[in-house]
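Q: fold the stuff below for me.
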Amino acid sequence: MDRELVIVIDFGGQYNQLVARRVRECNVYCEIYSYKTDIEKIKEMNPKGIILTGGPNSCYEEGAPTYTKELFELGIPVLGLCYGAQLMQHILGGKVEKAPVREYGKTEVHVDTTSKLFTGIEEDTVCWMSHFDYISQAAPGFKITGHTSDCPVAVAECEEKKLYAIQFHPEVLHTVRGKEILSNYVYNVCGCAGDWKMDSFVENSIKAIREKVGDGKVLCALSGGVDSSVAAVLLAKAIGNQLTCVFVDHGLLRKNEGDEVEAVFGPNGDYDLNFIRVNAQDRFYEKLAGVEEPEAKRKIIGEEFIRVFEEEAKKIGAVDYLVQGTIYPDVVESGLGGESAVIKSHHNVGGLPDYVDFKEIIEPLRDLFKDEVRKAGLELGIPEYLVFRQPFPGPGLGIRIIGEVTAEKVKIVQDADAIYREEIANAGLDKEINQYFAALTNMRSVGVMGDERTYDYAVALRAVKTIDFMTAESAEIPYEVLNKVMNRIINEVKGVNRVMYDLTSKPPGTIEFE
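A: Next up, the predicted model:
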C-alpha cells in the first residue's frame, strides 16, 4: 500500500511496540525494524521519519548495538529516545557516560518551547525517565533544549539536520505530554499528513485481497475471537462465496464457546458465510498428552490447527489460500519483528510448521494493533458486542493451564472461568476491565472441606487494564467481588480448593500465563 511511513529502529527496548503504537495514534503508519537492518533497505522504504528506541546497553561499550553514521546524513528526520538519544550523540561526537545520579520514574523536565518538538507544551513538564547513563556533553551542532536537575542534556537537537535526542520516554503514559511531543515530531518535523485511518485501511485491504485472490478459493481459520472474526468479515466483503470459514473446536475453548461461535457465524447466524465446524477435541488432547513446556504446547497446537485446515481444504477442493487473524503484536512477540527476544510463539506465527500445504497464507490484519483491529471491525459493520468481546488466545485454555493439558483440567478451568466472568459482569466491571480470566495452576495444596482433608488444585484469577495490550496493570477488583468468586469456585468446581488473584503487571509478566 502506498502510504506515509515512519520506522522504529529497535535496540532491544521494552517499549518498542509502544513507540510504534503512539505514532499510529497520530494517524501515521509505523513499523518496527531491528538495528541490524541494512541502511540500503531503509533507503528503499523512504520513510518520512526514523525513531531509535531505548535499550538495556551502554552505547560506549564494545559490542553494544549501534548503527552506521550514514543514518544521520540521509536528510530524514531522526528522533532518538533514551538509548537511541545516547547512541545518536555518541556517534556524532557527543559524550555519554555513567550518570552520577540514576533517574528512574516521573521527573520534571524543563524544555525550550521554541523547539518544534515542544510546540504547545508547558516549559516544565512531567516525563518518564529510566537510565543509568546520561549525555554529559551534546554533539557538535546540537542545541540543548531540555534539562532536569540531574540531567544536563535531557533533550538536544540539531534543527538544521532534523536530528532530535530525547533522554526520556514520550511513548509511555507516565510522560504527561508524550503523545503531543510525538505528534509534534511526526507533523512539525517530519511533515506527515496523517493518512493512516481505518476507513482507508478497510477499503484498500478489500481491493488488495480481490486482486491477490482473483477467482481462487480461500479458507479462513475462524476461532470466533476478535481478530479472526474481523479477518473473516473483511474477506467475505472482498470475495463473497469464494471464502469458506473453518471453525476448529480444539477442546480448549471457554465454556459453551463452540456453540456460541456457531450461533453467530453458522448457517443460522448473522453472516452469510460458508461455515464448517470441526470437533477435534480428542486429537488435540492426544497430541498434548504429557507435554508441559509452554512453547512446545503452542507449537503443537499451531501445527495441529494447520493439519485440520489442510484436511478440510482437501474436502472443499483446490483451496489456494489460508487466511489467519494474525496481528502485529503476534509478529513482534514471536521474534519476527524488531530486536526483541521471542516472548512467546503465537500459534499462527512462530507456531507454524515448516511445511504448509497452501499456495499462500493471507494475514490481512498483520500490520494492526489490537485496538486498530477493533476500529476496523466497527468500520466493517461488525456489532460492538463482537468487536469488544474478551480477547482469547488461539491456543486457548492450553496456555491457561500450567503444565500438562487434560480433559479433566480443561473442565475445571472452563467452569471456574465461567463463574469469574459471570460475577465480573454482575458487578458491572466488564466494561472497565480490558481482559479477565481464570487459569489453572499446576500447584496442588492441602485443604479442608466438610471436615475432610483435600488435596486439590489452585485457580488463579487474572484481570488487567490496558490500552494497547503491550503494557498492562492489574485491575483493582473490589474484595467482595473476589470473595464471592472464590466462594462459588470452591463450592461449584470439583477439584479446586484454593483461589488466588494475580497482581502482576506487564512487564514483567505477560497477560496470559504461558
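Q: and the pLDDT at residue 329?
A: Looking at residue 329, its pLDDT reads 78.
Q: which ones are touching it?
A: 17, 369, 370, 469, 470 (Cβ atoms under 8 Å, 6 or more residues apart in numbering). Where C-beta positions appear, they are placed from N, C-alpha and C, glycine not excepted.
Q: may I ask which of those residues has the most neighbours?
A: residue 17 (26 neighbours; other Cβ atoms under 10 Å).
Q: re earlier: farthest-separated two in the contacts of residue 329?
A: Farthest apart among the contacts of residue 329 by Cβ to Cβ are 17 and 370. That separation is 10.8 Å.
Q: go through the lengthiest strand in the chain and flag the buried ones.
A: Ranked by number of residues, the top strand in the chain under DSSP state E is strand 95-111. Buried residues in strand 95-111, counted by 16 or more other Cβ atoms under 10 Å: 96, 99, 103, 107, 109, 111.
Q: now, which of those sits nearest residue 57?
A: Closest approach to residue 57 among the buried residues of strand 95-111 (Cβ to Cβ): residue 96, at 11.2 Å.
Q: list the beta-bridge partners for the closest one.
A: Per DSSP bridges, residues listed as beta-bridge partners of residue 96: residue 135.
Q: got the end-to-end distance for stretch 387-396?
A: Start-to-end span of stretch 387-396 (Cα to Cα, to the nearest Å) is 18 Å.
Q: what number of residues lie near the nearest residue to residue 395 once chain neighbours are set aside?
A: Closest residue in space to residue 395, ignoring its immediate chain neighbours: residue 301 at 4.5 Å, by Cβ to Cβ, 6 or more residues apart in numbering. Counted with other Cβ under 10 Å, residues neighbouring residue 301 total 25.
Q: what's the spacing between the closest residue to residue 464 other than its chain neighbours and residue 400?
A: Using Cβ to Cβ, 6+ apart and skipping residues adjacent in sequence, the residue nearest residue 464 is residue 472, 4.0 Å away. Applying Cβ to Cβ, to the nearest Å, the value for residue 472 to residue 400 is 16 Å.
Q: what helix or strand is residue 87 on?
A: According to DSSP states H and E, residue 87 maps onto helix 83-91.
Q: in what helix or strand does the spatially most central residue of the chain lie?
A: By Cα atoms, centre = their mean, the chain has its centre lying nearest to residue 329, at 3.3 Å. Taking DSSP H and E as the definition, residue 329 sits inside helix 328-333.
Q: continuing past that helix, what's the next helix or strand?
A: That would be, after helix 328-333 and using DSSP H and E, strand 360-362.
Q: strands paired with that following strand, and their directions?
A: Strand 360-362 has the following sheet partners, assigned by DSSP bridges: strand 319-323 (parallel).
Q: buried sites along the strand it pairs with?
A: Neighbour counts over strand 319-323 (16+ other Cβ under 10 Å) mark 319, 320, 321, 322, 323 as buried.
Q: now what about the longest strand of the chain, what contacts it?
A: 58-60, 86, 89-90, 117-118, 121, 123-137, 145-151, 154-155, 168, 174.
Q: now intersect those residues with the strands, please.
A: Using DSSP E, the contacts of strand 95-111 in strands are 124-137, 145-147, 155.
Q: that older thread, nearest to residue 163, of the buried residues of strand 95-111?
A: residue 96 (15.4 Å).
Q: state the distance from the closest one to residue 58.
A: Separation of residue 96 from residue 58 (Cβ to Cβ): 8 Å.
Q: what sits in contact with each of these two?
A: With Cβ under 8 Å, 6+ apart as the test, residue 96 and residue 58 both reach residue 133.
Q: buried only: go through the ones in strands among the contacts of strand 95-111 for me.
A: Using 16+ other Cβ under 10 Å, the buried members of the ones in strands among the contacts of strand 95-111 are 125, 127-131, 133-137, 145-147, 155.
Q: and the lowest-mean-pLDDT helix or strand in the chain, how far from the chain's centre?
A: Scoring the helices and strands of the chain by mean pLDDT, DSSP states H and E places helix 328-333 at the bottom, with a mean of 75. Relative to its chain's centre, helix 328-333 lies at 6 Å (Cα atoms, centre = their mean, to the nearest Å).
Q: CA atoms only for it, dumped as PDB, please.
A: Taking Å, rounded to 0.1, in the frame of the first residue of the first chain, the C-alpha atoms of helix 328-333 are listed here in PDB:
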ATOM      1  CA  TYR A 328       1.200  -7.000  14.700                       C
ATOM      2  CA  PRO A 329       1.900  -7.800  18.400                       C
ATOM      3  CA  ASP A 330       1.800 -11.600  17.500                       C
ATOM      4  CA  VAL A 331       4.500 -11.000  14.900                       C
ATOM      5  CA  VAL A 332       6.800  -9.000  17.200                       C
ATOM      6  CA  GLU A 333       6.300 -11.200  20.300                       C
END
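Q: so residue 300, which state does it fall into?
A: helix (DSSP: H, G, I helix; E, B strand; the rest coil).
Q: let me see the contact set for it.
A: Applying Cβ under 8 Å, 6+ apart to residue 300 gives the contacts 287, 288, 291.
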